[in-house]
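Participant: From the sequence below, what's the structure:
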Amino acid sequence: MNQSRKDFLRNTMLLVGATAFAPKELFASEKKKGILGIQLYSVRDQMKTDPQGTLMKLANMGYQYVEHANYISRKFYGYSAAEFKKLLDGMGLKMFSGHTVMTQKHWDAAKKDFTDDWKYTVEDAATAGQQYVISPWLDESLRQNYDDLLKFLDLFNKTGELCKRSGMKFGYHNHDFEFKYSLNGQQVYDIILQHTDPKLVFQQLDIGNMYNAGAKAKDILQKYPGRFLSLHVKDEIKATKGEGYESTILGAGVIPVKEVIDLAKSKGGTSLFIIEQESYQGKDPVDSAKEDLAIMKKWGY
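Facilitator: Numbers count the residues shown, from 1 in each chain. Below you'll find the predicted structure:
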């Protein structure tokens, strides 16, 4: 790494200090009333071919917040962190959260420290204006060995400390396997929540992904009150191809979405609601994003 750990922390503090006069207070106010955004994976193909045009379409239809799902070689959708923030700012958009997978490879056991790649991930997230760094995956090997999973969850806590020093929080986003696999008589998801410090690691509950494992969001919200700072808002229908379920327009599927998000707000500790739709049943993804936003607005979000 070209910059030392000391330089990294110093530069991050300068960044935090430079933005302390308005965004902190503004973010706190927005968080209190609830933040509604979209996961850009919902329009992933469009973001690949025309990120600027796609973001403009989202802004024009009324979105104010986006969550990224593309951070590669220190770039968001082909833009550096500073460039992407400038692009978003120019459209009146904010990116408070984003998905970047953290793996065992991001920890240097010999040095007992995170690798340069992961330090850059946190640094670039701060530069882009993120408040939340979210890892949305768990390696398959960790779902099969209890002791290995516990060691990795300790890295979650350490990542929480790293993000905290940069003025951010670290979170984990579920799929369905956390509810399918059990170790030592416990579901993997229970192990994750029981062995991560709530002060350092929050949960982003994807209410659609879990449905394929037979899990219900309302049950999880009741079981772990206050743990779900963020929610991926989805609805599910029977898959048009193959088995299982796929996402669809909000309110058109089998999940009681309005009831879930109301419960998340009242009991789950949720203040960040992120719309995500991954399947479209023949509709245009951008049109689906517009329809989903209108439904959330109709529900009072």
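
Participant: going forward, measure contacts between C-alpha atoms and count neighbours the same way
Facilitator: Will do.

Participant: now the helix or strand hosting E291: how far from the chain's centre is it?
Facilitator: For E291, the element it lies in under DSSP states H and E is helix 285-298. Its chain's C-alpha centre and that of helix 285-298 lie 19 Å apart, by C-alpha atoms, centre = their mean, to the nearest Å.

Participant: for stretch 227-247, same thing?
Facilitator: That offset, for stretch 227-247, works out to 15 Å (C-alpha atoms, centre = their mean).

Participant: Also stretch 100-110?
Facilitator: Here stretch 100-110 is found 18 Å from its chain centre; the criterion is C-alpha atoms, centre = their mean.

Participant: what's the answer for stretch 204-215, then?
Facilitator: 14 Å.

Participant: quick revisit: what helices or strands is the helix holding E291 leaning on?
Facilitator: Using 3 or more C-alpha pairs under 8 Å, 6 or more residues apart in numbering; DSSP states H and E, the elements in contact with helix 285-298 are helix 51-61.

Participant: May I have the helix it packs on exported as CSV, CA atoms only?
Facilitator: This file holds the C-alpha atoms of helix 51-61, laid out as CSV (Å, rounded to 0.1, in the frame of the first residue of the first chain):
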residue,chain,number,x,y,z
PRO,A,51,-24.6,4.7,-15.8
GLN,A,52,-25.0,8.4,-16.1
GLY,A,53,-28.2,8.2,-18.2
THR,A,54,-29.7,5.6,-15.9
LEU,A,55,-29.0,7.6,-12.8
MET,A,56,-30.6,10.6,-14.4
LYS,A,57,-33.7,8.6,-15.1
LEU,A,58,-33.9,7.4,-11.5
ALA,A,59,-33.4,11.0,-10.2
ASN,A,60,-36.1,12.3,-12.6
MET,A,61,-38.7,9.7,-11.4
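
Participant: Quick one: mean pLDDT for that helix?
Facilitator: Averaged across helix 51-61, the pLDDT comes to 98.

Participant: what's the answer for stretch 188-196, then?
Facilitator: 98.

Participant: quick one: it to chain centroid distance?
Facilitator: Centre-to-centre, stretch 188-196 and its host chain are 18 Å apart (C-alpha atoms, centre = their mean).

Participant: Pull out the buried positions in it.
Facilitator: Neighbour counts over stretch 188-196 (16 or more other C-alpha atoms under 10 Å) mark 188-193, 195-196 as buried.

Participant: again with stretch 174-181
Facilitator: With burial defined by 16+ other C-alpha under 10 Å, the residues of stretch 174-181 counted as buried are 174-180.

Participant: again with stretch 80-95
Facilitator: 80-82, 84-85, 87-88, 91, 93-95.

Participant: Quick check: closest non-adjacent residue to F228.
Facilitator: Closest residue to F228 apart from its sequence neighbours, by C-alpha to C-alpha, 6 or more residues apart in numbering: Q203 at 4.8 Å.

Participant: what's around the one you found, how many residues?
Facilitator: 24 (other C-alpha atoms under 10 Å).

Participant: wait, is it part of a strand?
Facilitator: Yes - with DSSP: H, G, I helix; E, B strand; the rest coil as the criterion, Q203 is part of a strand.

Participant: Helices of the protein, start to end?
Facilitator: Ranges of helices in the chain, per DSSP state H, are 5-18, 23-33, 44-49, 51-61, 81-90, 116-127, 146-165, 177-180, 188-194, 217-223, 257-263, 285-298.

Participant: out of the ones you listed, nearest to M102?
Facilitator: Shortest distance between M102 and those, using C-alpha to C-alpha, is found for helix 116-127: 7.6 Å.

Participant: Packing partners of that closest one?
Facilitator: Checked by 3+ C-alpha pairs under 8 Å, 6+ apart, helix 116-127 has helix 5-18, helix 81-90 packed alongside it.

Participant: Could you rerun that using 7 Å?
Facilitator: helix 81-90 (3 or more C-alpha pairs under 7 Å, 6 or more residues apart in numbering; DSSP states H and E).

Participant: Contact partners for K94?
Facilitator: K94 sits next to 64-66, 88 when contact means C-alpha atoms under 7 Å, 6 or more residues apart in numbering.

Participant: could you dump these to a markdown table with distance to D117 and pLDDT?
Facilitator: Listed next are those as a markdown table, based on distance: C-alpha to C-alpha, whole Å; pLDDT from 0 to 100:
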| residue | distance to D117 | pLDDT |
| --- | --- | --- |
| Q64 | 29 | 98 |
| Y65 | 26 | 98 |
| V66 | 23 | 98 |
| L88 | 24 | 98 |
